[in-house]
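>>> Sequence below, structure please.
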Amino acid sequence: MTSHIMTSHIMTSQPMTSPGAVRLRTTILLGVLGLVVALVAAAMLILSALLEHEARRSLVADLDRAGVVSDELHALRQSLYRSEALTVAQEPRLKAVLGTSDIDRATIVDVAQEMQKAGGADLFLLLDAGGQLIVDTADPEAVGFDMRGQPLINAALSEGDAGGVWTQAQRVY
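Predicted coordinates for the structure are as follows:
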């Protein structure tokens, strides 16, 4: 008889569940789980879109600032180059050499090369007021060429000074 009571006790300790109750619990669990997954995915998509928008906005602002800095640096360099060129043009030795009519060509070339080194220039040309080449330190033998056909030279003769890019013999200055 003890075995019968134990069996009866084991049978009564298990909860009575119907197959419909398990399905309802599982359905509710899956529904809540699906809702949580959907909410997390939506939050991640919104957060991703917001972060991307902020990164783009920050990048555009940084690029704008970099452009302004680059423009200011370019203007500063142009101003520095112009000042250096004016300083060299006012150099007393250069003025004396160019103002003397009976000076030999070697002296003019030497002074031009010294001015080029002093100014740290890659290219140094001396022209007369009519645009005729007096000295080109890259080609000391060159003399007397009409340089008015060069846009930069023409602009300098017309406006008093000019700046730009000069190409000569596959070199860019």
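>>> Now the helix or strand where residue 72 lies: average pLDDT?
Using DSSP states H and E, residue 72 sits within helix 19-89. The average pLDDT for helix 19-89 rounds to 91.
>>> how near is the residue most central in space within the chain to residue 25?
By Cα atoms, centre = their mean, the chain has its centre lying nearest to residue 66, at 6.9 Å. Residue 66 sits 60 Å away from residue 25, going by Cβ to Cβ, to the nearest Å. Placement of C-beta: from N, CA and C, glycine included.
>>> Ok, residue 139 next?
On the measure of Cβ to Cβ, residue 139 and residue 25 end up 95 Å apart.
>>> ditto for residue 75
The value you get for residue 75 to residue 25, if Cβ to Cβ is used, is 75 Å.
>>> before we move on, what about residue 50?
From residue 50 over to residue 25 (counting by Cβ to Cβ), the distance is 37 Å.
>>> elements contacting the helix or strand where residue 94 lies?
Using DSSP H and E, residue 94 maps to helix 92-99. Secondary-structure packing of helix 92-99 (3 or more Cβ pairs under 8 Å, 6 or more residues apart in numbering; DSSP states H and E): helix 105-119.
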